[in-house]
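Student: let me see the structure of the following:
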Amino acid sequence: MKILISLAILMSLTAVTTSCTTPGSSDRTAHNMGQKATWEVSGVVSRFITTAEGQVDGFILEDGMQIRFPVHMSTAITNGVAVGDTVNVKGFESTTNAMQATQIVTPKNASEIVIANRAKGKLAASKKEREKAYKDLQSIAVAGEIDTLLHEPSGEVSGFLLTEGSVVRLPVDIRTPARAYDIGQYVEVTGFGSENKYGKSVEAATVQRQPSEYEIDYE
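Tutor: Numbers count the residues shown, from 1 in each chain. Model (predicted):
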């Protein structure tokens, strides 16, 4: 009886935690939390991902893992994390190479950033700040080959990075089909966006590619 009980406990502990490492990537550990598993990832930040307004809402690790977080956390995270930093991230697993962060730890300065899902207090942008962000958007055209597809933690393709460095965000209207956008594909994009120290970002109005064009009608 004691042997059976010990075996049952061992099997239960094995099911709770599993680890995997991909070649040249950071360590990733999954923990079952009810119906939703959380992941722990560690790696080096290679670049930030920005919205059309220029706010940071994610970053990419050197192994390609995309870390996403609410845009109202932009200032808090960029104040504590820089390109080249090693970070430990906890978040919810994804069907793609992306995860929604719940906690970011930077061993360099031993700081811990807890991700707030809702903007409260100082995190919430005022109406005046939001209006200014939209007013500052410029008409932008970019072109180049697709280097990386950007995924939402849900698995949906929500944009891509061009080899020349620009971030292209896709409104829901032109996100599907996902197979319309491929790595290495040359595209010409027009839309509205901004450029700052984190790079150029544009929300697409049209995406010209071969053999067809996806276009949004805002009227």
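
Student: what stretches of this structure score poorly on pLDDT?
Tutor: Of all residues in the chain, those with pLDDT under 70 make up the ranges 1-37, 109, 117-136, 176-179, 210-219.

Student: for it, which segments count as helices?
Tutor: Secondary structure of the chain (DSSP state H): helices located at 2-16, 74-80, 127-135.

Student: wouldn't residue 171 be in contact with residue 206 here?
Tutor: No: when contacts are counted by C-beta atoms under 8 Å, residue 171 is not listed as touching residue 206 (11.0 Å). The way it works is simple: take the backbone N, C-alpha and C, and place the C-beta from them, glycine included.

Student: pairing partners for the closest residue in space to residue 50 that isn't next to it in sequence in the sheet, please.
Tutor: Take residue 50 and drop its neighbours on the chain: the residue closest to it by C-beta to C-beta, 6 or more residues apart in numbering is residue 201, 4.2 Å away. With DSSP bridges applied, the residues forming beta bridges to residue 201 are residue 167, residue 194.

Student: residue 201: neighbour count?
Tutor: If you count neighbours by other C-beta atoms under 10 Å, residue 201 ends up with 28.

Student: any idea how far it lies from residue 116?
Tutor: Relative to residue 116, residue 201 is positioned 23 Å away (criterion: C-beta to C-beta, to the nearest Å).

Student: same thing with residue 86?
Tutor: 23 Å.

Student: now do stretch 181-200: everything it contacts.
Tutor: The contact list for stretch 181-200, computed with C-beta atoms under 8 Å, 6 or more residues apart in numbering, reads 47-48, 50, 52-54, 56, 78, 136-149, 157, 160, 162, 165-168, 201-210.

Student: look at stretch 182-191 and report the distance between its end residues.
Tutor: Terminal residues of stretch 182-191 are spaced 20 Å apart (C-alpha to C-alpha, to the nearest Å).
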